[in-house]
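*Asks:* heads up, no residue letters with this:
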């Protein structure tokens, strides 16, 4: 609770700074044809942060976060780090640049030879993954500002039914596939465009984004990190990487005594209970299930590939050129009776409709091919999840799920084996 | 329980109560601030100078008169006022944002405290239940299957949901030419038109926009656009106004050929004007047809692109050509009466609406005239009804052959005929009004005139009829006549001069005087004066109607009249 209050104060103080930075931009007045606008002066950038500082801060934050979660094992220390990240990466840097959005620039630079990418974007994309490979999801624990703001407002976490968790758990995979597809084809950076917390960090934005931020904040009061668990495409990548991590968060620093105190500690459903006493006796049944899942995997992949190919004409409309070509076609076919700024600009550009249509067709072709691959990727993820659910791994103690655990440190506080949780008794002994 | 424990428990209970109370108050406060902010945000958006209708209107005025320092000063003043208001509300929003943030934080902190205090501590449980991996796997597979089904449904539904619907099928507000269209009845299909308005005070005025060039043409409305023409001696223009904002979407200059530059003689520049014919709209093919006093006819698409244009020769008309073209199927029919009867220059001309090529031309035994021909849907087939001194003549629109004629008019005829209750009503100031049965052949003057009436006849305004009653406006004297018998039921002298033809919306008749005074009377057998309104400027044109709206062209502005929410 004290941590929550502290977090609130952090938000307030950070907001003060962020609002001070807010400058409302407004077009100059239109005073008619006789009025001569004075020349515009672009003020010098006085406080631009060199990219190396951003990289250094990120690297430092990841080091500290990893240390706090793995070595110090202090929930309070993780909280302080959450607050610091919220201030710096959230309200001060206003959520940009962030590793989640860097997925798109990286994908575009990788798949589109014409695209360029900055060193900061590459490092922001790769560094948290590298740290995860060594230390688990320490980025999610206390560096990511999106995770931090959700962590702060979580009041009364509700335990979601397993069926719902698995269903919603597919969304990050779809979101990742679409984000990469749109970025690689130059259509849009949807992760940035629909970042639910960017309006909060900037204390400004379109009404729709402010409402979205408010909605996510309200949900985050009762559902632990809804964006991180059910939308974040970078969280998906981190989860996979975390499965291979060299070190990771453990609930207990010593041998688990199975006291079940930690069972309710995790609001993210990442604690797995031991299963040695409930393993199925019928091994043959389990094997049949697994074989069935492996057998249907190609069908699933084919199905999602077909589905995405079917949807590709609609997906292609995310690209402004395709939209413009469609608009011009509708105007020419008299399906609409007005024009748009874009269509008027096109008509005044003297560019031919054939040229526009050819360009749009090329983009649509790229989107269609990309959509096929994206569909195959989604199908593969679904198939692997089904196969994973059909396999059994023995657990003889309470464990944090490698992919789902965000190293928030809540379970540390509940473990009686951890020496930090043992308070001296009045008579000098320990409890 | 020890005394210390009891004391702690009591303290915790009090603290929890306080936290819950604080959370409730903070929640209510946050909600209140959010509501106030939503309202302020609406006001803030309304005062945004980038697309404010008043500024847009002033910009249009400036476009028409770029030298006007008064308009420039007014723009500056208006812009400053809007900006001041915009930033005032913006400041309120910023303050509100702070209050919202503080309220939200307090709510979260208090709620978290209350939850924290009320939470029972974890206690070591009994033997571990263990994980049922079989059940978890089954639930997981079901969850993934459910998600896959939902995603598939979404993916298949998205193309359908995002399919853009053609606006053609949503075409509303069919007021497609002079007095509404081919029949030119002057009767609005919409009844939800404001009873009264004030163009000076802006009451029930949705917008008003300066029409760059003068004209006596009336508005034609279709699909969110209002079309007008304007002209002077040198320039002829077509205007497309946005029906919602009043902004001029496009304006197009018309010069149909070398003969276009010849200025027609005798045109009364401030009366008939160089742009008296009302535009005609072809909704099937998105075409607009316009005509000017110099004889230029043009066809444009809805984006202002000229499809074809044609110069019919400079009309020899001593007030200036005023008859609007009329559309019948693929034919654009023009009553081009000019000179004296002996000159044999008058003709009814049919042009191919797609190409502008002449389809047929029928000479007319009349001199200059000003009425617009109408299309009468008679049982035996459509007829083009024309009026000019001295004849009412009906033609077959397919080939231009004369069907029947009645010799009943005299003088310089301005009123157009109407067709109602199976009768053609034709009139002019110097003669009479005649109710003619349109089923004759040849000269039916003696056989097909059902009744005649010769008092208080109009010289410009066309009559109006709902099939039972007939109304006429003659220099301020407004008469109501029984359409079947020709007996006058009542009349009222408005002591004003009128050029605009009467128009009916529901049970109301709108009469607009030349000074812009509007009189609304009931359409019953008894005189019932319902309201008076003031356009705020002179008006010689007939109103146009759309859903909930009325468009009136004044001397300077085009007005959109709509009931404003209080």
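*Replies:* Looks like it arrived, so ask away. Just so you know, these numbers come straight off a predicted model, no measurement behind them.

*Asks:* so who does the residue in chain B positioned nearest to chain A touch?
*Replies:* The shortest separation between chain B and chain A is 3.0 Å, found at residue B:143 (distances taken as C-beta to the nearest C-beta). From N, CA and C alone the C-beta is placed, and that goes for glycine too. If a contact means C-beta atoms under 8 Å, 6 or more residues apart in numbering or on different chains, then residue B:143 has A:162-167, A:169 as its contacts.

*Asks:* and the top helix by length along chain A, how far from the chain's centre?
*Replies:* The helix spanning the most residues in chain A, taking DSSP state H as the definition, is helix A:353-389. Distance of helix A:353-389 from the chain centroid (C-alpha atoms, centre = their mean, to the nearest Å) equals 21 Å.

*Asks:* picking up where we left off before, and chain B, which of the contacts of residue B:143 contact it?
*Replies:* Of the entries in these, the ones placed beside chain B under the rule of C-beta under 8 Å from any C-beta of the partner chain are A:162-167, A:169.

*Asks:* Is it possible to get CSV of the residues you listed that adds distance to residue A:244, secondary structure and neighbour count?
*Replies:* Output for the ones next to chain B among the contacts of residue B:143, formatted as CSV (distance: C-beta to C-beta, whole Å; DSSP: H, G, I helix; E, B strand; the rest coil; neighbours: other C-beta atoms under 10 Å in any protein chain shown):
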residue, distance to residue A:244, secondary structure, neighbour count
A:162, 25, helix, 17
A:163, 28, helix, 18
A:164, 28, helix, 14
A:165, 23, helix, 18
A:166, 22, helix, 23
A:167, 26, helix, 24
A:169, 19, coil, 21
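
*Asks:* Just the closest of the contacts of residue B:143 to chain B, please.
*Replies:* Within these, distances to chain B taken as C-beta to the nearest C-beta reach their minimum at residue A:166, with 3.0 Å.

*Asks:* looking at it, that closest one is touching residue B:147, isn't it?
*Replies:* Yes: with contact taken as C-beta atoms under 8 Å, residue A:166 and residue B:147 are classed as touching, separated by 7.3 Å.

*Asks:* mind checking how far residue A:111 is from chain B?
*Replies:* Summarising the geometry, the distance separating residue A:111 from chain B, computed by C-beta to the nearest C-beta, to the nearest Å, is 22 Å.

*Asks:* repeat for residue A:273
*Replies:* Look at residue A:273 and chain B: by C-beta to the nearest C-beta, they are 4 Å apart.

*Asks:* For that residue, give me phi and psi.
*Replies:* The phi/psi pair for residue A:273 (degrees, to the nearest 10) reads phi -90, psi 160.

*Asks:* and it, how many neighbours does it have?
*Replies:* With neighbours defined by other C-beta atoms under 10 Å in any protein chain shown, the count for residue A:273 comes to 19.

*Asks:* ok, now residue B:443?
*Replies:* Using other C-beta under 10 Å, residue B:443 has 15 other residues around it.

*Asks:* Please give me every residue in contact with it.
*Replies:* B:404-407.

*Asks:* Using ChimeraX, define a selection of the buried residues within those.
*Replies:* Only the buried members of those enter the following ChimeraX selection, criterion being 16 or more other C-beta atoms under 10 Å in any protein chain shown:
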select /B:404,405,406,407
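
*Asks:* Just the contacts of residue B:443: which are in strands?
*Replies:* Within the contacts of residue B:443, residues falling in strands by DSSP state E are B:404-407.

*Asks:* residue ranges with poor pLDDT in the stretch 301-431 of chain A?
*Replies:* When the per-residue scores of the stretch 301-431 of chain A are filtered using pLDDT under 70, the ranges that remain are A:333-337, A:422-431.

*Asks:* near chain B, which residues of it?
*Replies:* Neighbours of chain B within the stretch 301-431 of chain A, by C-beta under 8 Å from any C-beta: A:307-308, A:310-311, A:313-314, A:317, A:330-331, A:334-339, A:382, A:385-386, A:389-390, A:392, A:395, A:414, A:416.

*Asks:* Now restrict the residues you listed to buried residues only.
*Replies:* A:307-308, A:311, A:314, A:317, A:331, A:334, A:336-337, A:339, A:382, A:385-386, A:389-390, A:395, A:414.

*Asks:* picking up where we left off before, partner strands of the helix or strand just after the longest helix of chain A and their direction?
*Replies:* Using DSSP states H and E, the helix or strand that directly follows helix A:353-389 along the chain is strand A:399-400. In the sheet, strand A:399-400 lines up against strand A:271-272 (antiparallel) (DSSP bridges).

*Asks:* so what's the most centrally placed residue in chain A up against?
*Replies:* In chain A, the centroid-proximal residue (C-alpha atoms, centre = their mean) is residue A:232; its distance is 2.6 Å. Contacts of residue A:232 were listed using C-beta under 8 Å, 6+ apart, and they are A:100, A:146, A:172, A:175.

*Asks:* Could you export the ones next to chain B among the contacts of residue B:143 as a markdown table, including pLDDT?
*Replies:* As requested, the ones next to chain B among the contacts of residue B:143 are arranged in a markdown table below (pLDDT from 0 to 100):
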| residue | pLDDT |
| --- | --- |
| A:162 | 86 |
| A:163 | 88 |
| A:164 | 91 |
| A:165 | 91 |
| A:166 | 91 |
| A:167 | 92 |
| A:169 | 92 |
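
*Asks:* ok, so of those, who is nearest residue B:223?
*Replies:* Of all the ones next to chain B among the contacts of residue B:143, the one sitting nearest residue B:223 is residue A:167; the distance, using C-beta to C-beta, is 44.9 Å.

*Asks:* The closest one reaches residue B:151, doesn't it?
*Replies:* No: contact between residue A:167 and residue B:151 fails when scored by C-beta under 8 Å: they sit 9.6 Å apart.

*Asks:* could you pull out the strands for the stretch 1-150 of chain A?
*Replies:* For the stretch 1-150 of chain A, strands defined by DSSP state E, counting those that start in this stretch do not occur.

*Asks:* Run through it and note the low-pLDDT ranges.
*Replies:* Judged against pLDDT under 70, the low-scoring parts of the stretch 1-150 of chain A cover residues A:1-35, A:37, A:44-47.

*Asks:* Contacts only, for residue B:313.
*Replies:* Shown here is residue B:313, whose contacts under the criterion C-beta under 8 Å, 6+ apart are B:259, B:295.

*Asks:* confidence score at it?
*Replies:* If you check residue B:313, the pLDDT there is 91.

*Asks:* try the one 5 residues further on
*Replies:* Looking at residue B:318, its pLDDT is 86.
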